[in-house]
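Chemist: here is a sequence with its predicted model. Questions after.
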2 protein chains.
Amino acid sequence: MTATFRNGLPRYEILSEQALATIDAGWRRLISEIGVEFDHPRALELFAGAGQAVEEGVVRLDPDFVLEQAARAPAEFVVRARNPERSVVVGGDHMCFTAVQGPPFVREGDERRDATFADLERFIRLSHVFPEIDVPGSVSAEPSDLPLDSRHLDMVRAALVLSDKPLIGSQISLDAAEDSLALARIAFCDDLAEPSVLSNVNVNSPLRYDGRMLDALLVYAAAGQPVLITPFLLMGAMSPVTIPSALVQQLTEVLAGVALAQLVRPGTPVVLGSFLSHTDMQSGSPGFGGPEAAVGLLCSGQLARRLGLPWRSGGGGLTTSQTVDAQAAYESLHTLLPAFLAGANVVVHAAGWLEGGLVSCYEKFVVDIELVRMLRHEFTPLEIDEESLAFGAHDEVRHGGHFLGAAHTLERFRDCFYRPLLSSTENFERWTRNGSLDAADRAALLWREALERYEQPALAVDVREGLDEYVDRRRRELGD
Amino acid sequence: MTATFRNGLPRYEILSEQALATIDAGWRRLISEIGVEFDHPRALELFAGAGQAVEEGVVRLDPDFVLEQAARAPAEFVVRARNPERSVVVGGDHMCFTAVQGPPFVREGDERRDATFADLERFIRLSHVFPEIDVPGSVSAEPSDLPLDSRHLDMVRAALVLSDKPLIGSQISLDAAEDSLALARIAFCDDLAEPSVLSNVNVNSPLRYDGRMLDALLVYAAAGQPVLITPFLLMGAMSPVTIPSALVQQLTEVLAGVALAQLVRPGTPVVLGSFLSHTDMQSGSPGFGGPEAAVGLLCSGQLARRLGLPWRSGGGGLTTSQTVDAQAAYESLHTLLPAFLAGANVVVHAAGWLEGGLVSCYEKFVVDIELVRMLRHEFTPLEIDEESLAFGAHDEVRHGGHFLGAAHTLERFRDCFYRPLLSSTENFERWTRNGSLDAADRAALLWREALERYEQPALAVDVREGLDEYVDRRRRELGD
C-alpha cells in the first residue's frame, strides 16, 4: 500500500545494560518525585481521575502507571495521505521524512528575508516534487504577510491543495487544531476514522506543558489523530548540561505526555519525540550538529525502542550555520546519519533547515535531499551471495587489467552505484569550464528546475470549493 | 607512554554470519584459483620456497597458508616518534590520523597551483601544530620544484626536522625506501630495532603488485618496519562493480601482501589497508564519500577485525569536490564517521584532501581537523551514573525554568560540551557584523594562525648535521 522507506541495516546501540538501568531508575525518580506541570484544567482532571497525585498544577506520576498507559499506543500505524500511494507507515523499521517546519525567515542565494506565503507555497511544491520528502508539512516558512489569527487556514489549505502527501496540522492554538481537522475532513471526505493528520506538540521544557500545546494535544488525541510529543531540550538551558540527565528528562516529559494522550483516548497513536542539542556556553546560542546531539540521537533511539513506540529524531539536517557552507553540510549529515543509525521513524526538518531553525533555505533544501537520498541508498542492505562475488569478472580481467569494459560491468553500469543529484565528480578543467559552480550554486539551479517540474495533484472541484468556503467563513469568524 | 586516541564506542557491524561465510569462501577461491601477480623475482622466490604455486609471475596461494602467515603479524604495535610522548599505538581500539598524502597540486583560498616544497613544509608544520594529526607524513604536497630523483631526501628530512611525530617513509623506489630508513637511523641515533618508520604499499589492483612497490615492501619488511598494505579499489575500474566482489578482491590482495611480508621477516608489523570507492560510470571519474564507500568501510573494518590485525580505513575526509563547499564537507564526514564506526586503527588522508586526492588544500585541512576533533569527542564514552543524572539540578530548577544559572551548570559550563574550532553559532546580526565569513573563510584565518603558533621541535645539532650530510651526499650520488 505505501512505499515508506525501510531502514534495513542494524541499529547502532551504545548504551550498556547498566547504563539503561541507571537511566530507567532516573526517569522513574524524576517523574514521581518532581513530576510534570500541566497548565490545563482538563489535563489535571484526567490525571487526578486516574489516581495520580496532582498538586498546584504539578502531576507526580507513578512510573508503572505511565508505562501501562504507553503500552496502549500502537507500535506502528499508517498515516493516510490524500493519495493512498503516498500514505506513510510510522514505526518498525520504516523511516519517513518531513521538510523543515517553522522558520520565520527564508534564504534564497545570498538574500535573507522575512518568509511569505509565496515561500511556503514554493516549499510545499518542492516537498511534493522530491520523493525523498514524505510529508511536506504546513509551515516550512511562516508567512509574515498573512494575518496572525487566520493564517493557519491558508497554510493548512495550501498543504492539502498543493500536495497529496500526508498532512501535518497546525498546533499553535485550539482554533488552529480544530480548523486543521475540519479542513482534513473536507479533503478526505470523511470523519477521519483513520490517522490522517499528524501533529507535533512541543513540551515547554523543563518539565512543563503549556496551555496552548495542551489544547492541541487534547484536540488531536480526542480525534484519534497521531501526535508527535517532543521535549525541546537545549542542554544548559532547558535541561542540565549532562547527556544522561537530558535523556532522563526527555523520557519523563515525553512519557507524561503519552500517558495524557492515552487518558484522552486509549490507543491514540503517538510518536516519542526527541530534540536534544546543546547550548554554546560561550555565546548562549543553541548549537546543532555537534557530538552531543549525535550521541543524544543514538541513545534516544535505543531508549525509544525499549518502549516499543515509534520515535522521532530531533531532525535531520540541523545546523547553526548562517549559510550553505561546509559547516552547514557536516552538521546536517552529523544529525541525519545518526538518525539512520539509531533507527528513527520520523525525521522532521529533513530538508531546508538553516541558522538554528530561524531560516528555511532553498539551496539547503537541495543539499539535504542529496543527503537523505544517499543515506536511503546506504541503509538498504546489500545482496551478498555467490553471484555477487563476480568470480567470472575476475576470470575475464585477471591481473593488472581493468573492469571498465568487462561483461559484468557492462551489464550493470547504469545502476550499480548511487547516482547523485547534487554532488559533482567533474575534473577541474571541466568544472572550471562549466562556471566553477560550488554545491550551493548547483543547488540553486536544481530547486528552480524542480519547481518547473512541479504539477499540482488532482483535487475534485467540490472538495476544492469546500476547502475555500470553510477558509472564507472561518477567516471572517476570526476577524481577519 | 603514548596518548593515541582510543575509540571507546562499540563497533557498528552490518555483515551477517552468512555474509561473512560467503565472503570467506570467495577470497579463498580467488587467491587459490586466479592468484596474485608479483612483478619481482625475490617475491616469487619466497613464495615458491614456501611451497606456493608460482607460474609466469602469478602466485596461486593456499588460503590456510596465507592465514598462518598473517597470524605471525602482531595484533598491535607501537610506532616510535622522535619525541616518545608522540609515539602512536596501532591496533586494538586505538586510532591514529595522518595528514593528506600525495597530491601534486595545492589549493589556497581561490588559487589552485602546482605544489612546492614550501607547501610541503607548511603542511608538515600544520600537522605538527594540530594534536588531531598523529602522523604528518612526508608527502602532504608533492614538491614539483625539486628534482624527481632526489626530492624524497628533502621530503623525509623535512618530516624528521619540522616535527617530532612519527615518520612515514617514502616508497616510490628502492632508493627512496633505503634512504628513508637511513635518515631515520640518523634521527633516532640507533638501528631501528623498534618500529619507527611507517610505510604504505599500494597494490596495483586488480591482483597485481608492481616491481617498485615490491622493492619498498621488501626493504621495509626486512628492516622490521610496519607496512600498510593497501589495495586501491575504485569499483568499476580496478574491481568489479559490486561491493561483495570488491571486498573479496581486497582480502585476496592484502592477505597475499601480508603473507609476503611475513615470509621476508616473520613478525613484521602490517596494517590491513582498504581504499574502496566507486567510479562515476557517467564521467569515468573516481567518486569519493558516497554510500558505496561508507558501506565498504563498515564491511572492511568488520572483516579486518576477524583477522586480528590492525586496519587502515581508506581515509578520512575523502571527497571529489573541487572546492571547500558543502559537498566537500558532507563527503568528508561521510568517510570519516564510518571509519570511527568501523573501528579504523589508521586513518590516512585525515586532513587536507580535496578534488579526489589531486589537491592538498589549506582550508580543507582545518575543516577536517574540526571533524576529527568532533568525532574523537563523540567516540569517547559517556559516564552514566547516578551523579550524571543531576537530580539536584532538577530539584533546583523545577518546572518551566532554565538551567543557565543552576549550580550544576555553573560548576561545569566551561567544559561540559565540545568546543568547536571552526563551527560558528553566532547569530545572524553578529555574524554579518563580523564580515559574513563562511566556514572556508574562517578556516583560512585558522590555518594562518596555526602556522604562527608553530615552534620547530628541538633536534640535537649533531643529528641535524648528520641528516644534512646524508642528504647532500646522496643527492650527489643520485645525480641531482
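Modeler: Okay, I see it.
Chemist: chain center to stretch A:325-340: distance?
Modeler: Relative to its chain's centre, stretch A:325-340 lies at 15 Å (Cα atoms, centre = their mean, to the nearest Å).
Chemist: so does it get close to chain B?
Modeler: Yes: between stretch A:325-340 and chain B, judged by Cβ under 8 Å from any Cβ of the partner chain, the touching residues are A:325, A:326, A:327, A:328, A:329, A:330, A:331, A:332, A:333, A:334, A:337. All C-beta spots, glycine's among them, are computed from the backbone N, C-alpha and C.
Chemist: so who does the fifth one touch?
Modeler: Right, the one you point to is residue A:329. Counting by Cβ atoms under 8 Å, 6 or more residues apart in numbering or on different chains, residue A:329 touches A:367, A:439, B:325, B:326, B:327, B:328, B:329, B:330, B:333.
Chemist: repeat that for residue A:94.
Modeler: Residue A:94 touches A:4, A:5, A:6, A:7, A:76, A:88, A:345, counting by Cβ under 8 Å, 6+ apart.
Chemist: between the residues you listed, which has the most around it?
Modeler: residue A:345 (28 neighbours; other Cβ atoms under 10 Å in any protein chain shown).
Chemist: in stretch A:292-306, what counts as buried?
Modeler: Buried residues in stretch A:292-306, counted by 16 or more other Cβ atoms under 10 Å in any protein chain shown: A:292-305.
Chemist: ok, and does the lengthiest helix in chain A reach over to chain B?
Modeler: When chain A is parsed with DSSP state H, its longest helix is helix A:243-264. Yes: against chain B, helix A:243-264 shows contacts by Cβ under 8 Å from any Cβ at A:243, A:244, A:245, A:248, A:249.
Chemist: now that helix: mean pLDDT?
Modeler: Averaging pLDDT along helix A:243-264 gives 98.
Chemist: do the same with stretch A:152-172
Modeler: The average pLDDT for stretch A:152-172 rounds to 97.
Chemist: mind checking the end-to-end distance for it?
Modeler: 8 Å (Cα to Cα, to the nearest Å).
Chemist: return the backbone torsion pair for the residue of chain A positioned farthest from its centre.
Modeler: The C-alpha centroid of chain A is most remote from residue A:399, which lies 49.4 Å away (Cα atoms, centre = their mean). Backbone geometry at residue A:399, expressed as degrees, to the nearest 10, gives phi -100, psi 130.
Chemist: same deal with residue A:52?
Modeler: Backbone torsions of residue A:52, given as degrees, to the nearest 10, read phi -90, psi 150.
Chemist: quick one: it and residue A:70, what's the gap?
Modeler: 14 Å (Cβ to Cβ, to the nearest Å).
Chemist: how near is the residue nearest the centre of chain A to residue A:199?
Modeler: Nearest residue to the geometric centre of chain A (Cα atoms, centre = their mean): residue A:348, 1.3 Å. Distance from residue A:348 to residue A:199, counting by Cβ to Cβ: 12 Å.
Chemist: quick check: neighbours shared by these two?
Modeler: Both residue A:348 and residue A:199 are in contact with residue A:228, where contact means Cβ under 8 Å, 6+ apart.
Chemist: tally of neighbours for residue A:222?
Modeler: Count around residue A:222 with other Cβ under 10 Å applied: 14.
Chemist: please save the CA atoms from stretch A:295-304 in CSV.
Modeler: What follows is stretch A:295-304, C-alpha atoms only, in CSV (Å, rounded to 0.1, in the frame of the first residue of the first chain):
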residue,chain,number,x,y,z
VAL,A,295,25.2,10.8,21.0
GLY,A,296,21.8,12.0,22.1
LEU,A,297,20.2,10.6,19.0
LEU,A,298,21.9,7.2,19.3
CYS,A,299,20.8,7.0,23.0
SER,A,300,17.2,8.3,22.3
GLY,A,301,16.6,5.8,19.6
GLN,A,302,17.8,2.9,21.8
LEU,A,303,15.6,4.1,24.7
ALA,A,304,12.5,4.5,22.4
